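Peer 1: have a look; sequence and predicted model below, questions after that.
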Amino acid sequence: MATVNLGRVGFVNKGNYTQSTNYKVNDVVKYGLEVFACITAHKSPSSGFDSSKWIQWVGNDDVKVARANIAVTVGVSGKDFTTVKAAIEYLSQFAPIYKKGGIIAEIKIEDGYILKEQLLFNGIDLSFIRISYEGSGYLKVDRDYLTASFGGGYPVFGVGDGANSPQLNLVFDCQVEQGSDVASDTKHGILVFRATANMIGTAGAVNCSGVGVYCYTGNISGHSIVGSSNKTIGVYALRGGEIKAQEIVGESDAYIGVHALAGHIHSGNLFGESTESIAIYSRSGTISAYNMEATSISGIGILCEAGSINGTNVNAKSDTSLVVYSLVGSIEGYTLNLENSEQSNEYLCAVASGGAIKSRYGTWTNNGSGNKCNVAAGTISSNGYVNRIG
């Protein structure tokens with residue numbers, strides 16, 4: 001009886017997909033968290049995955065129900081995914097059911113990973129996804145990959161037009177060092193407009209050439225938010241934007257540490273620092289905190305222009321300029337402590353054009369050669385009003 005060769009009539013499980021490997025038709029591999037069957041014999045490339053040679057064997061087109069927490073990993077090799085974007089795309093197929101304590105789908109980024117992509121979200125609710133970094137420091141960002149325009153800038157993490165972002169549980173490091181020759185630009189760390197961003201743990205962006213944490217006509221909330229820029233503003237709320245957290249840290253080498261321009265910043269503990277300009281600045285905006293610290297080397301500690309800045313415990317310092325300055329605005333502290341250095345020949349504080357500075361307690365330490373204030377306590381002048389000089 002003649003022998004008939006039917007070839008390979010069944011599927012052959014080849015385990016995890018590997019690069020530079022010969023595959024035959026009907027070989028089955030796992031790639032990422034999906035399963036594929038080979039449809040064209042070939043040798044796999046040395047990098048990446050040639051989807052034209054495979055068909056998805058276990059489909060993933062329908063929405064899946066997440067009944068328990070999910071965790072996936074991102075890394076250069078040996079992880080579920082090689083990019084954060086691919087991990088988000090996979091997890092976005094799930095819909096969590098109601099469960100006491102909630103359900104979290106977490107993306108864990110391996111130690112030493114360098115982010116070479118932008119994470120941009122428009123009109124989608126991904127708030128059940130959490131993005132965490134497994135390293136001991138900050139997640140480094142390759143700025144060469146910040147090329148897609150989003151909301152008027154080129155952010156690492158952008159949230160717009162009604163989106164509800166994944167929970168961010170990490171700090172991006174954009175690697176622009178203090179004093180570097182990198183120019184100020186719009187490569188922001190975090191940019192939110194007409195949307196909501198969720199921060200947990202310590203989250204934000206540092207060493208940016210654009211704004212560190214930037215919110216306009218949107219909302220950013222979290223536990224501890226960190227924003228620093230070595231070229232422009234550290235933490236910025238613009239035109240109805242609101243940033244609120246238990247702790248907010250805004251730092252800038254060249255410009256403003258914390259700034260509200262017709263926006264709102266609220267915090268339990270607020271820290272603003274600037275090397276060359278203003279530490280904390282409100283212009284037609286509101287800034288409030290239980291504890292507030294403002295430190296500037298060459299600029300003003302706290303400046304309020306047609307807005308309000310208030311706190312329970314407010315401490316402000318400047319080495320060479322005004323410590324606090326109110327211009328058609330109000331600076332109030334239940335306790336207001338001010339201090340300058342011997343280098344200063346400016347007023348410790350000043351009011352102008354209807355400004356007001358008010359406190360019940362505090363110590364105003366004038367180490368410089370200027371006067372404490374340009375307005376006597378308890379008097380109303382064309383400049384403004386100071387109710388107490390500590």
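Peer 2: Perfect, I can see it now. Keep in mind that this is a model prediction, so the values were computed, not measured. Numbers count the residues shown, from 1 in each chain.
Peer 1: number of nearby residues for residue 348?
Peer 2: The tally of other residues near residue 348 (other Cβ atoms under 10 Å) stands at 26. No exception for glycine: its C-beta is placed from N, CA and C like everyone else's.
Peer 1: can you map out the strands along the stretch 51-200 of the chain?
Peer 2: 54-58, 64-66, 70-74, 94-96, 105-109, 114-115, 119-122, 129-133, 139-141, 157-160, 164-169, 171-173, 190-193, 196-199 (DSSP state E, counting those that start in this stretch).
Peer 1: I'd like these laid out as a markdown table, including distance to residue 214.
Peer 2: Listed next are the strands of the stretch 51-200 of the chain as a markdown table, based on distance: least, Cβ to Cβ, whole Å:
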| stretch | distance to residue 214 |
| --- | --- |
| strand 54-58 | 39 |
| strand 64-66 | 32 |
| strand 70-74 | 25 |
| strand 94-96 | 29 |
| strand 105-109 | 23 |
| strand 114-115 | 18 |
| strand 119-122 | 14 |
| strand 129-133 | 19 |
| strand 139-141 | 15 |
| strand 157-160 | 10 |
| strand 164-169 | 14 |
| strand 171-173 | 13 |
| strand 190-193 | 5 |
| strand 196-199 | 10 |
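Peer 1: save those as CSV, and put in distance to residue 216 and mean pLDDT too.
Peer 2: Putting the strands of the stretch 51-200 of the chain into CSV (distance: least, Cβ to Cβ, whole Å; pLDDT from 0 to 100) gives the following:
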stretch, distance to residue 216, mean pLDDT
strand 54-58, 41, 76
strand 64-66, 33, 74
strand 70-74, 30, 95
strand 94-96, 30, 87
strand 105-109, 27, 97
strand 114-115, 24, 98
strand 119-122, 15, 98
strand 129-133, 23, 98
strand 139-141, 22, 98
strand 157-160, 10, 98
strand 164-169, 15, 98
strand 171-173, 19, 98
strand 190-193, 5, 98
strand 196-199, 12, 98
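Peer 1: looking at those, which is closest to residue 367?
Peer 2: Smallest distance to residue 367 across the strands of the stretch 51-200 of the chain (Cβ to Cβ): 35.0 Å, for strand 171-173.
Peer 1: partners of that closest one, with directions?
Peer 2: Strand pairing for strand 171-173, using DSSP bridges, gives strand 139-141 (parallel), strand 202-208 (parallel).
Peer 1: now the last one: mean pLDDT?
Peer 2: Put plainly, it is strand 202-208. Per-residue pLDDT over strand 202-208 has a mean of 97.
Peer 1: the following helix or strand past that strand pairs with which strands, and in what direction?
Peer 2: As assigned by DSSP states H and E, the chain's next helix or strand after strand 202-208 is strand 213-216. Strand pairing for strand 213-216, using DSSP bridges, gives strand 190-193 (parallel), strand 235-238 (parallel).
Peer 1: tell me which of these sits most buried.
Peer 2: Mean neighbours per residue, mean count of other Cβ atoms under 10 Å, is largest over the strands paired with strand 213-216 for strand 235-238, with a mean of 29.
Peer 1: who's in contact with that strand?
Peer 2: 211-217, 225, 227, 243, 248-250, 256-265, 272, 285 (Cβ atoms under 8 Å, 6 or more residues apart in numbering).
Peer 1: off-centre distance for it?
Peer 2: 11 Å (Cα atoms, centre = their mean, to the nearest Å).
Peer 1: how far off centre is the helix or strand that it is followed by?
Peer 2: Downstream of strand 235-238, the next assigned helix or strand under DSSP H and E is strand 242-252. Distance of strand 242-252 from its chain centroid, counting by Cα atoms, centre = their mean, is 10 Å.
Peer 1: for the record, mean pLDDT for strand 242-252?
Peer 2: 98.
Peer 1: who does it pair up with?
Peer 2: strand 219-229 (parallel), strand 264-274 (parallel).
Peer 1: and of the ones you listed, who's closest to residue 325?
Peer 2: Going by Cβ to Cβ, the one of the strands paired with strand 242-252 nearest residue 325 is strand 264-274, 13.7 Å.
Peer 1: model confidence over whatever helix or strand comes next after the closest one, on average?
Peer 2: Counting by DSSP H and E, the next helix or strand C-terminal to strand 264-274 is strand 280-283. What strand 280-283 shows for mean pLDDT is 98.
Peer 1: ok, stretch 382-390 next?
Peer 2: Mean predicted lDDT for stretch 382-390 stands at 85.
Peer 1: how about that stretch: buried residues?
Peer 2: 383, 384, 385, 386, 389, 390 (16 or more other Cβ atoms under 10 Å).
Peer 1: the first one: what's it in contact with?
Peer 2: Yep, that's residue 383 we're talking about. Neighbours of residue 383 in contact, by Cβ under 8 Å, 6+ apart: 350, 351, 352, 353, 355, 374, 375.
Peer 1: for the second one, same thing?
Peer 2: Contacts for residue 384 were tallied using Cβ under 8 Å, 6+ apart; they are 326, 351, 352, 353, 354, 355, 356, 357, 375.
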